[in-house]
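1. Sequence first, then the predicted structure:
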Amino acid sequence: MKNWDLIIMLPILFAMCIFTLIFIVLKEKIKKRQVLFLTSIIFFWMIVGYLSNKTFNTLPTTLEVEKSEFIFLIIFGTSLFLIFLKPFATFITGIIRNRTSWLKVSYAIIFTMVLILTIVGEKTNIYYFIFMSFMLSICIASSTIYFLFYNEQYYYRIYVLPATWIVFSFITFGTTLGLYLEELNTIVIGKTFNYSILGISMFIILCLFIFTSLFIKESRNLAGVFDKEVIDLLPKKNNLNFFMIYLIVFLLSITSSLNNSMIVKLFIGLNLRDYQLDYNQVFSFLRAFNFLYTVPSIIVSYFIYKFVLKYLGQKYLIFTSLFLIFGMYTILAFTTNPYVYTFTNIFTGILMNQILFSLFSLCIMWNYRSPKNPVTGFFGTSFFGAKFLIESTEKIVGFYNKGVFHNVNKISDLETLLVVNSTLLKEFDVATTLIMSFSCMLILICILIFYFRNNSMFADYTSYRNATRNLKNLLKKRILEKAKTKIEV
C-alpha cells in the first residue's frame, strides 16, 4: 500500500502518544493552568516542526546553487546557529530573570516566518534560505527555555526529573506531529491545502502570543540561579564535570547522527531495492525509519521515568542504557537486514533519549547553582555541534560524489536504480560496518567517562529524594530569612 506509514502506522502511534500525554496529566495531577501551558507547547512545536520540515526538506531541492555556494549553504544552517543561540538564550533570560521574553520573541518570529512563506511560497534563493534558517534557529533555541520555565514556575526549581520528562513528552510530540503534518500535506493531501495550514498556523501563533501575555504569569524571583546564600550551602560546581557531561553528549550525538545518516538510509534502501521492492515502498519504509526513532520515545519515556527509575536510579539507568546501545550498534555492525536496522532503531531512539535527557536534568540542576554559566545552553551546543559536524560533512561529501556516494547520494537516486550492483552494496556494507564500529568505540568512551565521573556529576542528586528534600528545606529557610529581613527594615 502506498504511503502506508502516513495513513495507517503513524496515526495509530500518535493516538498512543495522546494516551500517554493524558496519562501524564492525570498521574501528575497537573493543574488547569499548567495543562493550558503544556497545550500551548504542543501547538507551538507543531508549527515549528512543520516549518522545519518544509524549510529543510522542500526549499533546498528548489535551490539551484553552484558548488562554491553549496558549502556556504550547508554551513549556515540551523545547527550552526543553534550552537551559539542555545547558551545565549539560557544566559540572557537568566540574567534578566524573564524566560517568557524569549518565548514571546519566538512567537513573533514564527508568525513572521509563516507570513513570509505564505507570500513568497517556493520562489527562494540561498540568502532567503539562510535567513529562514536563522529565524527558525531562534525558535528552536526556546526548547531549553520551556524546560527551565516549567521547572521554575511549577516545580520551584526543585523537582527537575518530572519537569524534564513532562516537557520532553509534550515538545517531542508537538514537533513530531508537525513533521508528520508537513509530510502528509506534501505527499497525500497536496499543495492546494498548503495555504489553509499556513493560515491556521498564523491564527494559532497569534492566540499563543495573547495567551502567554495575559495568562502565563512568571515570578521573576524563581527565574535564574538560587540566591548566593543557598548556593553556598550546596555542593560546589566543578567546570571539569560540566565539560565531561558536554563531552558525553557530544559523543552520543555523533553516534545518533551516524545511526540516522544518509549512508545508513541509503544502505537500507539499496537492500530493500535488492529485495525487489519498488521505490514508493522503499521511500515509505525510510520515512517510517525516521519517525520510529522518536515517536516510541514519546510513548514509553515517561513510563520508564515513573516506574523503572525508582528501581534502578538515574545512575544505573544511564549505565544500562549505554550498554544496551553498545549492544544495538554491535548488532548493526554485523547485519545487512533492513528490518533489523528498523527494529533496533526503535530501541536505540528510546535509549538515547533516556541518556540525553537524564543528563539534561542534571544540567538543569547545576544551572541554578552556577551563576553566569548557562549549563543547559552548553548542553545544547554540544548536541547540535556534533549534529552539525556529521550532517554538514556528509552533505558536502555527497554533493561532490565522493566515497560511497559516487553512484548514489540521496534517496531519490534509488528511483532510477532498477538493478542494485553487488559492488555498490558491498561498499555501503563496509561503510555502515565502519560507522557502527566507530559508534561502539564512542559509546565505550562514554561508559568509561561516566564510570569515573558520575558521583561528582550527580553530587547530592545521587540520592534524588534526599537532595530534593534538603533543597526544599533550604529554600523555605531562605524565604523566611528574606521575610524576616523585610519586617526588620
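-> Great, that's in hand.

2. what about the helices in the stretch 201-350 of the chain?
-> Taking DSSP state H, counting those that start in this stretch as the test, the helices found in the stretch 201-350 of the chain are 228-231, 239-259, 262-274, 279-291, 295-303, 309-333, 338-367.

3. what sits up against the shortest one?
-> Residues external to helix 228-231 that are found in contact with it (C-beta atoms under 8 Å, 6 or more residues apart in numbering): 225, 369, 371, 474, 475, 478, 481. Glycine gets a C-beta too; all of them are placed from N, C-alpha and C.

4. quick one: contacts for the last one?
-> Shown here is residue 481, whose contacts under the criterion C-beta under 8 Å, 6+ apart are residue 229.

5. Work out for me the element it sits within.
-> Of the helices and strands defined by DSSP states H and E, residue 481 is found in helix 464-488.

6. show me the contacts for the closest residue to residue 258 other than its chain neighbours.
-> Once flanking residues are discounted, residue 258 sits nearest to residue 435: 4.9 Å by C-beta to C-beta, 6 or more residues apart in numbering. Listed by C-beta under 8 Å, 6+ apart, the contact set of residue 435 reads 258, 259, 261, 263, 264.

7. Columns distance to residue 345, pLDDT and neighbour count on top of the residues you listed, output as a markdown table?
-> Below are the contacts of residue 435 laid out as a markdown table (distance: C-beta to C-beta, whole Å; pLDDT from 0 to 100; neighbours: other C-beta atoms under 10 Å):
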| residue | distance to residue 345 | pLDDT | neighbour count |
| --- | --- | --- | --- |
| 258 | 12 | 95 | 21 |
| 259 | 7 | 95 | 23 |
| 261 | 12 | 93 | 18 |
| 263 | 14 | 94 | 21 |
| 264 | 9 | 95 | 22 |
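
8. got those residues as JSON lines, with distance to residue 151 columns?
-> Converted to JSON lines, the contacts of residue 435 look like this (distance: C-beta to C-beta, whole Å):
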{"residue": "258", "distance to residue 151": "32"}
{"residue": "259", "distance to residue 151": "30"}
{"residue": "261", "distance to residue 151": "33"}
{"residue": "263", "distance to residue 151": "38"}
{"residue": "264", "distance to residue 151": "35"}
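
9. what's the most distant pair in the residues you listed?
-> Distances among those were taken as C-beta to C-beta; the most separated pair is 259 and 263, at 10.3 Å.

10. from the contacts of residue 435, which is closest to residue 133?
-> Looking across the contacts of residue 435 and measuring by C-beta to C-beta, the closest to residue 133 is residue 261, at 20.3 Å.

11. List the contacts of that closest one.
-> Contacts of residue 261 were listed using C-beta under 8 Å, 6+ apart, and they are 390, 391, 394, 435.

12. wait, which of the helices of the stretch 201-350 of the chain is closest to residue 141?
-> Residue 141 lies closest, by C-beta to C-beta, to one member of those: helix 338-367, at 14.6 Å.

13. Just give me how far that closest one sits from the chain centre.
-> Taking C-alpha atoms, centre = their mean, to the nearest Å, one finds helix 338-367 lying 10 Å from the centre of the chain it belongs to.

14. Of all the residues in stretch 323-334, which ones are buried?
-> By neighbour count, with 16 or more other C-beta atoms under 10 Å as the criterion, the buried positions of stretch 323-334 are 324, 325, 326, 328, 329, 332, 333.

15. Oops, could you answer that again for stretch 206-221 instead?
-> Of the residues in stretch 206-221, 208, 209, 211, 212, 216, 218 count as buried by neighbour count, 16+ other C-beta under 10 Å.

16. so what are the domain limits for the chain?
-> Taking automatic domain parsing as the reference, the chain has its domains at 26-224, 226-478.

17. JSON lines please, covering those domains and showing distance to residue 16.
-> What follows is the domains of the chain, written out as JSON lines (distance: least, C-beta to C-beta, whole Å):
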{"stretch": "domain 26-224", "distance to residue 16": "11"}
{"stretch": "domain 226-478", "distance to residue 16": "5"}
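
18. Could you tell me the least trusted of those?
-> Out of those, the stretch the model trusts least by mean pLDDT is domain 26-224, with a mean of 82.

19. any idea which residue sits dead centre in this protein?
-> The chain has residue 172 as the residue nearest its centroid, 7.1 Å off, counting by C-alpha atoms, centre = their mean.

20. you'd agree that residue is up against residue 294?
-> Yes: in this structure, residue 172 is within contact of residue 294 by C-beta atoms under 8 Å, at 6.2 Å.

21. buried ones in the lengthiest helix in the chain?
-> Across the chain, the longest stretch assigned as helix under DSSP state H is helix 422-458. Buried residues in helix 422-458, defined by neighbour count with 16+ other C-beta under 10 Å: 424-425, 427-429, 431-433, 435-436, 439-440, 442-443, 446-447, 449-450, 453-454, 457-458.

22. now do stretch 18-33
-> Those buried within stretch 18-33 under the rule 16+ other C-beta under 10 Å are 20, 21, 24, 25, 30.

23. wait, the second one sits on residue 171?
-> It refers to residue 21. No: between residue 21 and residue 171 there is no contact under C-beta under 8 Å: 11.3 Å.

24. hmm, back to that, for the contacts of residue 261, give me a markdown table that also has distance to residue 249.
-> Conversion of the contacts of residue 261 to a markdown table gives the following (distance: C-beta to C-beta, whole Å):
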| residue | distance to residue 249 |
| --- | --- |
| 390 | 14 |
| 391 | 16 |
| 394 | 20 |
| 435 | 19 |
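
25. which among those residues gets closest to residue 8?
-> Residue 8 lies nearest to residue 391 out of these, by C-beta to C-beta, at 30.0 Å.

26. what ranges do the helices span in the stretch 51-200 of the chain?
-> For the stretch 51-200 of the chain, the helices identified by DSSP H, counting those that start in this stretch occupy 59-62, 67-75, 78-95, 100-120, 126-140, 142-155, 160-183, 194-214, in order along the chain.

27. Dump those to TSV, plus distance to residue 470.
-> Putting those into TSV (distance: least, C-beta to C-beta, whole Å) gives the following:
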stretch	distance to residue 470
helix 59-62	51
helix 67-75	46
helix 78-95	23
helix 100-120	29
helix 126-140	35
helix 142-155	16
helix 160-183	14
helix 194-214	33
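
28. Tell me which of those helices lies nearest to residue 303.
-> Among those, helix 160-183 comes nearest to residue 303, with 9.6 Å by C-beta to C-beta.

29. contacts for stretch 322-333?
-> With contact meaning C-beta under 8 Å, 6+ apart, stretch 322-333 is reached by 255, 259, 340-341, 344, 347-348, 351-352, 355, 432-433, 436-437, 439-440, 443-444, 446-447, 450.

30. give me every residue that touches residue 159.
-> Taking C-beta under 8 Å, 6+ apart, we find residue 159 in contact with 151, 468.

31. picking up where we left off before, what would the buried residues of stretch 18-33 look like in CSV with secondary structure and distance to residue 186?
-> Output for the buried residues of stretch 18-33, formatted as CSV (DSSP: H, G, I helix; E, B strand; the rest coil; distance: C-beta to C-beta, whole Å):
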residue, secondary structure, distance to residue 186
20, helix, 27
21, helix, 26
24, helix, 31
25, helix, 32
30, coil, 35
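
32. Would you mind checking which of these is nearest to residue 130?
-> Distance from residue 130 was checked for each of the buried residues of stretch 18-33 by C-beta to C-beta. The minimum falls on residue 21, at 35.2 Å.

33. Might you report the residue contacts of the closest one?
-> 38, 169, 170, 173.

34. Cross-check the contact I'm expecting between the last one and residue 42.
-> Yes: Residue 173 sits in contact with residue 42 when judged by C-beta under 8 Å, with a separation of 6.2 Å.
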